[in-house]
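My questions are about this predicted structure, shown below with the sequence.
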Amino acid sequence: MKNTWLLVANGSEARLYETEFRPKTLTLIKEFSHPESRERNLELSSDKSGHYQGDVGTGASSQGSFSEPTDPKAYEMERFAAELVKTLDAGRNAHSYEHLVVASSPKFHGLLNKKMNGHISKLVDKHINKDFTALKEEELLARLH
């Protein structure tokens, strides 16, 4: 039996389905939510940027603020992508699927691809760079075929 999993995702929510194309069916395996990816950067950061003031040695002083090395929102999206890939890898190790279809918003799709190991990447039959998370199951099936 050739099982196909379908991951429908964006940076803050995802649904994982098992699908059969004859007959066309979707069975929800798991829903994921990562509300931190929707937060504003100010709400994700624990502090304001630090400030510095220095003396260059010539009598002139310099001052400014440190910037965060990583955008907090991008960091949260990467964490969510890693969580999803971990679930996909666990399913692969358990032989729960043989094929994978990934439909996600373009930016998040890149993060998923970056996090996937070679074993998962080999199972991906189709990449769809669209955010289908708002679609109901019937609409999703219609769009996929």
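Yes, it's here. Residues are numbered from 1 along each chain as shown.

So which bits of the helix or strand hosting residue 27 are buried?
Following DSSP states H and E, one finds residue 27 within strand 24-33. Residues 26, 29 are the ones in strand 24-33 that count as buried (16 or more other Cβ atoms under 10 Å). Quick note: C-beta positions are derived from backbone N, CA and C, even for glycine.

Dead centre of this structure: give me the residue that sits there.
When the chain is reduced to its mean C-alpha position, the closest residue under Cα atoms, centre = their mean turns out to be residue 81, at 3.3 Å.

Setting aside sequence neighbours, what's the nearest residue to that residue?
Using Cβ to Cβ, 6 or more residues apart in numbering and skipping the chain neighbours, the partner closest in space to residue 81 is residue 111 (4.0 Å).

In contact with the one you found, which residues?
With contacts taken as Cβ atoms under 8 Å, 6 or more residues apart in numbering, residue 111 has the following neighbours: 11, 77-78, 81.

So which elements touch the helix or strand in which the residue nearest to the centre of the chain is found?
In this structure, residue 81 sits in helix 72-93 according to DSSP H and E. In this structure, helix 72-93 packs against strand 4-9, strand 13-21, strand 24-33, helix 41-44, helix 106-115, helix 118-123, with contacts taken as 3 or more Cβ pairs under 8 Å, 6 or more residues apart in numbering; DSSP states H and E.

mind running it again at 6 Å?
Counting contacts by 3 or more Cβ pairs under 6 Å, 6 or more residues apart in numbering; DSSP states H and E, helix 72-93 packs against helix 41-44, helix 106-115, helix 118-123.

Pull out the buried positions in the last one.
Same thing as helix 118-123. For helix 118-123, burial by neighbour count (16+ other Cβ under 10 Å) applies to 120, 123.

Need the residues that contact it.
When contacts are defined by Cβ atoms under 6 Å, 6 or more residues apart in numbering, helix 118-123 is touched by residues 88-89, 92, 100.

looking at the helices and strands packed on helix 72-93, which is closest to residue 34?
With Cβ to Cβ, the closest approach to residue 34 among these belongs to helix 106-115: 10.6 Å.

and the closest one, what's its mean pLDDT?
Mean pLDDT, helix 106-115: 94.

do stretch 2-12 as well
Along stretch 2-12, the predicted confidence averages to a pLDDT of 92.

Lovely, talk soon.
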